[in-house]
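Participant: Sequence first, predicted coordinates after that:
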Amino acid sequence: QVQLVESGGGWVQAGGSLRLSCAASGRTRNRYAMGWFRQAPGKEREFVATITWSAGRTYYADSLKGRFTISSDNAKNTVYLQMNNLKSEDTAVYYCAATAAITNPYYLQRSTGYNIWGQGTQVTVSS
């Protein structure tokens, strides 16, 4: 089994930047993709970005393209989410997720495509 631990969340003023990290441990060789989702209070969990582990192919939520960048460091089994020009509407709990079975891009952009989740890290953007 794979375990995921997120870090890097916190408080930032609007226009600022944060970088989230997600470290994977355990049976990491079986994962195909790792992604980020977020959930704001009273809202459903939504897709942010994902990256395939071997090819490094990336997918983003259309509304976040240009501000958020996902990357990975295979040697460290870690995925990063660089978030720039943050806005108050980016305030949410950010979750890291991994999947070993889903390869279809349609399902890689949906929470149902992932079976392993981290505990989440809070990001608060103050305006």
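Facilitator: Alright, I've got the coordinates.

Participant: Name the nearest residue to the residue most central in space within the chain, sequence neighbours excluded.
Facilitator: Nearest to the geometric centre of the chain sits Trp36, at 1.8 Å (Cα atoms, centre = their mean). Leaving aside its sequence neighbours, Trp36 sits nearest to Val48 (Cβ to Cβ, 6 or more residues apart in numbering; 4.1 Å). All C-beta spots, glycine's among them, are computed from the backbone N, C-alpha and C.

Participant: What of Ser126?
Facilitator: For Ser126, the closest residue by Cβ to Cβ, 6+ apart turns out to be Gln13, at 5.4 Å.

Participant: What does the pLDDT read for that neighbour?
Facilitator: pLDDT for Gln13: 98.

Participant: again with the one 10 residues further on
Facilitator: Reported pLDDT at Ala23 in the predicted model: 95.

Participant: In three-state terms, label Thr112 for me.
Facilitator: Of the three states, Thr112 takes helix under DSSP: H, G, I helix; E, B strand; the rest coil.

Participant: Can you report how many residues lie near it?
Facilitator: Residues within reach of Thr112, counting by other Cβ atoms under 10 Å, total 8.

Participant: Mind pulling up the pLDDT for it?
Facilitator: If you check Thr112, the pLDDT there is 93.

Participant: Alpha carbons of the worst-scoring helix or strand of the chain on mean pLDDT, as PDB, please.
Facilitator: Taking mean pLDDT, DSSP states H and E as the measure, the chain has helix 105-108 as its least confident helix or strand, at a mean of 91. Extracted C-alpha coordinates of helix 105-108, given in PDB (Å, rounded to 0.1, in the frame of the first residue of the first chain):
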ATOM      1  CA  PRO A 105      -7.400  11.000 -18.700                       C
ATOM      2  CA  TYR A 106     -11.100  11.500 -18.100                       C
ATOM      3  CA  TYR A 107     -10.900   9.500 -14.900                       C
ATOM      4  CA  LEU A 108      -7.600  11.000 -13.900                       C
END
